[in-house]
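Student: Give me coordinates for this.
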Amino acid sequence: MPTSTEGGTPSFEIAPLRVGRLLNVKQRSELKRISEEIIARRGPPTVTAAQPMSILYSAARKLFESGGDLDALTNRERKGAIELFWTVFSNWRPGPGDVSLWLSWAGREWATRVGVRRIATSFVRNFDPNSDATRQVGEWLSDRIDLVPGRFGEFLRKHDLHRGSVAVFRISRALAAGDTEFLIDADKDPYSEAVIRGSGFMVALIADFGRRCHDNSSHQIEVAAKKLRSYLGDYGVAGARGSEEMRGEARIQMVSGIVRWASRVSAGEAEDTALSIVDSLAGDPRISLTHWRGIDEGIRHKVEEWLTKRTLENMFRVIDDLKVDRPDMWQSRRAFWFDYLPYIRRAFLMCADDAVPYAAKLGEKCGVLKHSGEHRHCGLLMEIVGPEGDRLIVLDLNMRASALFWKAGSINKPAFYEAEYDTRQLRLTCDERVRHMTSWEERFARLIESETGIRRPLGLGGLRG
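Tutor: Model prediction:
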């Protein structure tokens, strides 16, 4: 049933009622049923700050004004002050002496089961391997870890979470070997799961796991990587705890590691897994490089290559689902453009109304084609880059048998990744419009070579010269 812990933190605890032997009922099962109904209505329990933000601001202000004097705080503010040790809060920057002083107070006045659980919760949520507070609080917990009650306490002790970086190293090594016991155990207890979700400990674990992916080709990596990513929540590392430095390190290591792993495995499913994780942590590099700082350029190029390949594949899957083109026609187009794949730097799918649901089903981002005259219209916008950097933009459309070309320097060339495109305007502003008539491959190839220097690929997919 829902209870309110000291300080106002909501929690859910399921425990057998202590009743006489004459009552022959299954109290635990009934309480579990009630708890499950509450969770179904209101969602799973979440672990928020041990104290309201107003309490933390008040505590930080008083500590700043008093030079760290705990006597200046109310009892509630002293209990909440642990949340301040991993960050600069309201101008107060805690030092090792402040942490030591607070822990001495906690050892005398707050070493209760409730108190130690709150301290252990803050330790896991705010974990930072580079923080002196992490070391000090971890050592303090080592002597009191048996006081942490319930399944959360069992979870902490089983996996030695109070040992900090040692626990990160051991759990990461086990995950890379296919042992997901740590995550399975977290799933068994709503409180434990809520504590580690988006925690600093999870960020540190993901960074270490990413390093282990760099030289690993085991298929066990895929299962652990997906599960770890799910523990970050909807906003990835950006929404997790920990310093900006450690969150950035986790993003760099996980993106780099999972891409290198998928490159060695060389399987379509591995690429899909890597792309899903990369997108959630760093986004699409073809659209924005904001979260790609610090990531090796070779990793980014490999991701761009995979994304372009997937977009091309999805274009022709959409065409197939629409069933408006002769199979032999779109298959020949697929073969033609895939021969140019090494030179296609960017690719973006465009869909009229009836094609949009098919793209959404594939998880492919697309721009909506307006005024196309065909509800089942779709097209592929590509940027082809030659060996010397010469560029040509192409829009190949599935209906009305033509492709549109914009040459380098054209002021009318369409932008990539827009929400909507005016089909009529695209036709009016293109530099060349070439129809898919007899020998269209030769005419397309001549135009591409004249603008980019790329010689036409051989029929088997190799490149001449």
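Student: hmm, who's touching stretch 169-179?
Tutor: Stretch 169-179 is contacted by residues 159-160, 180-183, 205, 208-209, 212-213, 216, 218, 220-221, 223-224, 228 when judged by CB atoms under 8 Å, 6 or more residues apart in numbering. Every C-beta, even on glycine, is put in place using the N, C-alpha and C of the backbone.
Student: Give me the buried entries from those.
Tutor: 159, 180, 182-183, 205, 208-209, 212-213, 216, 221, 224, 228 (16 or more other CB atoms under 10 Å).
Student: Save the residues you listed as CSV, and put in pLDDT, secondary structure and distance to Val99 too.
Tutor: Listed next are those as CSV, based on pLDDT from 0 to 100; DSSP: H, G, I helix; E, B strand; the rest coil; distance: CB to CB, whole Å:
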residue, pLDDT, secondary structure, distance to Val99
His159, 97, helix, 24
Thr180, 91, coil, 34
Phe182, 96, helix, 27
Leu183, 93, helix, 30
Leu205, 97, helix, 23
Asp208, 97, helix, 24
Phe209, 97, helix, 28
Arg212, 95, helix, 31
Cys213, 95, helix, 34
Asn216, 88, coil, 37
Ile221, 92, helix, 37
Ala224, 91, helix, 33
Leu228, 91, helix, 29
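Student: Quickly check these for the two that are furthest apart.
Tutor: Across these, the longest distance by CB to CB is 21.8 Å; it joins His159 and Asn216.
Student: who's in contact with the helix or strand where Glu139 lies?
Tutor: Here Glu139 sits within helix 132-142, counting by DSSP states H and E. Applying CB under 8 Å, 6+ apart, the set of residues contacting helix 132-142 from outside is 82, 85-86, 94, 96, 99-100, 103, 106-107, 116, 119-120, 122-123, 126-128, 162-164.
Student: ok, 7 Å please
Tutor: With contact meaning CB atoms under 7 Å, 6 or more residues apart in numbering, helix 132-142 is reached by 85-86, 94, 96, 99-100, 103, 119-120, 123, 127-128, 162-164.
Student: Any of the residues you listed buried? List them.
Tutor: If you count burial by 16+ other CB under 10 Å, the buried members of the contacts of helix 132-142 come out as 85-86, 94, 99, 103, 119-120, 123, 127-128, 162-164.
Student: Among those, which are located in strands?
Tutor: Judged by DSSP state E, the buried ones among the contacts of helix 132-142 include no members of strands.
Student: how about these, which pair is most distant?
Tutor: Across the buried ones among the contacts of helix 132-142, no pair lies farther apart than Pro94 and Arg163, at 22.2 Å, counting by CB to CB.
Student: Next one: the closest residue in space to Ser199 that isn't next to it in sequence from Pro457, what distance?
Tutor: Spatial nearest neighbour of Ser199, excluding adjacent residues (CB to CB, 6 or more residues apart in numbering): Arg125 at 4.7 Å. Noted for Arg125: a distance of 54 Å to Pro457, by CB to CB, to the nearest Å.
Student: before we move on, what about Trp292?
Tutor: Going from Trp292 to Pro457 by CB to CB gives 30 Å.
Student: Between Arg125 and Pro457, point out the one with more neighbours.
Tutor: It is Arg125, of Arg125 and Pro457, that has more neighbours when counted by other CB atoms under 10 Å, with 25 against 19.
Student: wait, what's in contact with that one?
Tutor: Listed by CB under 7 Å, 6+ apart, the contact partners of Arg125 are 47, 195, 199-200, 241.
Student: Please apply the same query to Ile119.
Tutor: Going by CB under 7 Å, 6+ apart, the list of residues near Ile119 reads 82, 106, 137, 141.
Student: can you check Trp110 too?
Tutor: Residues counted as contacts of Trp110 (CB under 7 Å, 6+ apart) are Lys79.
Student: Leu103 versus that one, what's the distance?
Tutor: 10 Å.
Student: what about the strands in the stretch 201-350 of the chain?
Tutor: Using DSSP state E, counting those that start in this stretch, the strands of the stretch 201-350 of the chain run over 344-351.
Student: Show me where it dips below the pLDDT cut-off.
Tutor: Under the criterion pLDDT under 70, the flagged ranges of the stretch 201-350 of the chain are 267, 324-327.
Student: Go again with 80.
Tutor: 233-235, 266-268, 323-330 (pLDDT under 80).
Student: Mind jotting down where the helices sit in it?
Tutor: Under the criterion DSSP state H, counting those that start in this stretch, the stretch 201-350 of the chain carries helices at the ranges 220-230, 244-265, 268-282, 297-322, 327-339.
Student: With the stretch 351-465 of the chain instead?
Tutor: For the stretch 351-465 of the chain, the helices defined by DSSP H, counting those that start in this stretch cover 356-361, 423-429, 440-452.
Student: quick one: the longest one to chain centroid distance?
Tutor: Relative to the chain's own centre, helix 440-452 is displaced by 40 Å; criterion: CA atoms, centre = their mean, to the nearest Å.
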